[in-house]
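In: Fold the following for me, if possible:
(one chain, ligands or ions: 1)
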Amino acid sequence: MTKQTIELEQQAFHNFLPRSEGEGKTEQDVLVEKNGLSSLVPGKKCINASAFTPTEVSRIVDLRSDTVTQPTALMRAAMAEALVADDILGSDPTAALLQERTAKMFGKEAGLFVPSGTMGNLIAVLVHCEVRGSEVILGSESHIHYYEQGGISTLGGVYSHVVPNESDGTMDLRKVETAIRPDDDHFASTRLICIENTHNRCGGRCISVEYTDKMGKLAKSYNIKFHIDGARIFNAAVALGVSVERLCQAADSVSICLSKGLGAPVGSVLVGSHEFITKAKRLRKALGGGMRQLGVVCAPGLVCLDHMVQRLDCDHRNARLLAEGLNKMAGLRVDLNSVDTNIVFIDVGSESSLGVEEISEALKRKGVLVMMMDRTRIRLVTHYHITEDDALRVLTCFKACCLHPVFLQLSVY
Ligand SMILES: Cc1ncc(COP(=O)(O)O)c(C=O)c1O
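Out: Numbers count the residues shown, from 1 in each chain. Here you go, the predicted model:
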């Protein structure tokens with residue numbers, strides 16, 4: 001790392017470091033002042049908001065999603081320094097590096113940077129289902145089915161065959177097998193099965209290696225492709241204690257988000273075979289996803305792979321802290337068995353003095369942002385801006401809310 005890079009990183013770091021007046025220097029501050037940001041390589045240590053959070057974010061505990069994360073100082077420095085070139089006329093070196101490194105990590109032949117997880121899934125489905133009259137098997141709660149505007153149908157003419165998701169994010173393998181169409185002129189041709197890991201609408205549940213292998217085997221036995229929406233696949237791998245390569249071994253393609261828990265400002269990487277990625281690249285261009293000096297947005301992705309994966313278990317621990325605390329509160333229930341990673345679903349019972357909307361509003365007034373899932377459920381997602389202290393503060397706010405609704409109208413902490 002050059003002297004200039006270190007100075008840039010230090011400057012970026014200090015611009016974005018949260019500081020209240022009179023606050024002392026942390027051990028990390030001292031390290032950074034001495035050696036530059038590169039000294040913050042996390043190793044086993046938990047790097048969290050105290051190292052990276054911009055001032056604006058530190059005043060609010062934003063648990064709506066892990067997509068709210070701000071790029072770290074290292075990411076900003078990497079963006080400023082990225083080697084770039086026109087990626088449509090040729091190949092951007094930073095994008096090429098990110099794509100290559102991600103593919104290698106996942107044990108696949110090639111990778112492609114795409115602007116979003118939605119585009120990654122869309123391209124994957126459209127490439128695997130390029131023949132007209134194709135059908136994809138999707139979980140009823142999957143992001144592709146639920147939140148992606150039916151883009152695979154609108155833009156690709158692909159028909160969805162929806163199989164119910166179990167509460168743990170899986171689909172019953174017998175139901176999936178039954179959903180595979182026989183070779184008959186009456187039916188669309190089943191060409192793809194998709195699973196999601198971790199499963200967002202099922203509360204961040206991890207899908208195991210064993211299940212993934214079984215699904216891959218099933219798909220193969222029918223000559224069907226197998227795609228994983230791995231928006232949060234690193235959370236799953238960390239929680240399960242396996243490599244992403246092993247976890248995704250059975251899949252033909254995986255879409256990996258950099259802009260969720262890993263904290264990059266933008267982007268996903270799609271990985272698969274050379275043939276798959278060649279087709280995916282053509283389609284990305286047709287969808288308006290061809291980008292010129294792409295390295296600027298890919299550079300944070302490299303920081304994600306190097307520094308952000310190994311700290312995800314810190315988010316998982318904070319999610320569990322929240323879940324256990326909330327589950328003890330009158331009127332609130334959290335299924336503790338369902339908290340595998342960084343997502344916590346809270347059921348607000350009829351015995352709660354406030355409803356979901358009122359609780360969310362009351363928390364907002366105290367600087368705690370949560371996501372209302374529906375009339376009875378609230379979602380919290382932890383990420384690298386959320387410290388253990390934040391989690392404890394959130395519990396205090398919920399407690400006050402459950403016990404004394406009026407308390408939250410006052411500024412008491
Ligand atoms: C499981 C899953 N897949 C895909 C996406 C889409 O990602 P993006 O918002 O980058 O399009 C999300 C977004 O939250 C997600 O949770």
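In: residues in contact with whichever residue of the chain sits closest to the ligand?
Out: Per C-beta to the nearest ligand atom, residue 117 is where the chain lies closest to the ligand, at 2.5 Å. C-betas here are computed from N, CA, C, even on glycine. Residue 117 makes contacts with 143, 229, 231, 255, 257, 259-260, 268, as judged by C-beta atoms under 8 Å, 6 or more residues apart in numbering.
In: what subset of these is also close to the ligand?
Out: 143, 229, 231, 257, 259, 268 (C-beta under 6 Å from any ligand atom).
In: For the protein, what lies in contact range of the ligand?
Out: So the chain meets the ligand at 116-118, 121, 143, 196, 200, 229, 231, 257, 259, 268 (C-beta under 6 Å from any ligand atom).
In: Give me the nearest residue to residue 144, chain neighbours excluded.
Out: Distance criterion C-beta to C-beta, 6 or more residues apart in numbering; nearest residue to residue 144, sequence neighbours excluded, is residue 121 at 5.0 Å.
In: Shouldn't that neighbour be within a strand?
Out: No. Assessed with DSSP: H, G, I helix; E, B strand; the rest coil, residue 121 is helix; it does not lie in a strand.
In: which strand in the protein runs the most residues?
Out: strand 189-196 (DSSP state E).
In: Tell me the helices and strands packed up against whichever strand or helix holds residue 362.
Out: Assigned by DSSP states H and E, residue 362 falls within helix 356-365. Judged by 3 or more C-beta pairs under 8 Å, 6 or more residues apart in numbering; DSSP states H and E, helix 356-365 is in contact with strand 371-372, strand 377-381, helix 388-403.
In: what ranges of this protein fall below the confidence cut-off?
Out: Confidence mapping of the chain against pLDDT under 70 gives the ranges 1-59, 403-413.
In: go again using 90 as the cut-off
Out: Within the chain, the ranges that satisfy pLDDT under 90 run 1-59, 330, 349-354, 400-413.
In: And the strands in it, which stretches?
Out: Counting by DSSP E, the strands of the chain are 61-62, 110-114, 134-139, 159-163, 189-196, 225-230, 253-257, 268-272, 332-333, 343-348, 368-369, 371-372, 377-381.
In: Is the residue nearest to residue 144 in contact with residue 255, as I believe?
Out: Yes. Taking C-beta atoms under 8 Å as the definition, residue 121 is a contact partner of residue 255 at 5.3 Å.
In: got any residues that touch both of those two?
Out: 227, 229.
In: before we move on, back to that, so which of the helices and strands packed on helix 356-365 has the densest surroundings on average?
Out: Stretch with highest mean neighbour count among the helices and strands packed on helix 356-365: strand 377-381 (a mean of 22; mean count of other C-beta atoms under 10 Å).
In: Output that strand as CSV - backbone C-alpha positions only.
Out: Taking Å, rounded to 0.1, in the frame of the first residue of the first chain, the C-alpha atoms of strand 377-381 are listed here in CSV:
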residue,chain,number,x,y,z
ARG,A,377,-44.8,-8.5,12.5
ILE,A,378,-41.8,-6.2,12.8
ARG,A,379,-38.4,-7.0,11.2
LEU,A,380,-35.0,-6.0,12.6
VAL,A,381,-31.8,-6.6,10.6
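In: Compute the inter-axis angle for it and helix 356-365.
Out: 30 degrees (axes from the mean of the first three to the mean of the last three C-alpha atoms, to 10 degrees).
In: Given strand 377-381, what are its sheet partners and their directions?
Out: strand 343-348 (antiparallel), strand 371-372 (antiparallel) (DSSP bridges).
In: chain center to it, what's the gap?
Out: Its chain's C-alpha centre and that of strand 377-381 lie 15 Å apart, by C-alpha atoms, centre = their mean, to the nearest Å.
In: Contacts for that strand next, please.
Out: Against strand 377-381 from outside (C-beta under 8 Å, 6+ apart): 63-66, 204, 319, 322, 342-348, 356, 359-360, 370-373, 394.
In: Could you rerun that using 7 Å?
Out: 63-66, 322, 342-348, 356, 359-360, 370-373 (C-beta atoms under 7 Å, 6 or more residues apart in numbering).
In: before we move on, what about stretch 204-212?
Out: In contact with stretch 204-212 (C-beta under 7 Å, 6+ apart) are residues 168-170, 195, 197-199, 232, 235-236, 239-240, 242, 246-247, 250, 338, 340-343.
In: again, 8 Å this time
Out: With C-beta under 8 Å, 6+ apart, stretch 204-212 has contacts from 167-170, 173, 195-199, 228, 232, 235-236, 239-240, 242, 246-251, 319, 338-344, 381.
In: Okay, the residue nearest to residue 144 and residue 128: tell me how far apart.
Out: 11 Å (C-beta to C-beta, to the nearest Å).
In: Find the residues that touch each one of the two.
Out: residue 227.
In: So which of the two has more stuff around it?
Out: Neighbour comparison, residue 121 and residue 128: the larger count goes to residue 121, with 30 against 25 (by other C-beta atoms under 10 Å).
In: Run through the residues that contact the more buried one.
Out: 143-144, 148, 152, 194, 227, 229, 255.
In: before we move on, what about residue 61?
Out: Contacts of residue 61 (C-beta under 8 Å, 6+ apart): 367-369, 386, 390, 393-394.
In: Nearest to residue 107 among these?
Out: The closest of these to residue 107 turns out to be residue 386 (C-beta to C-beta; 31.4 Å).
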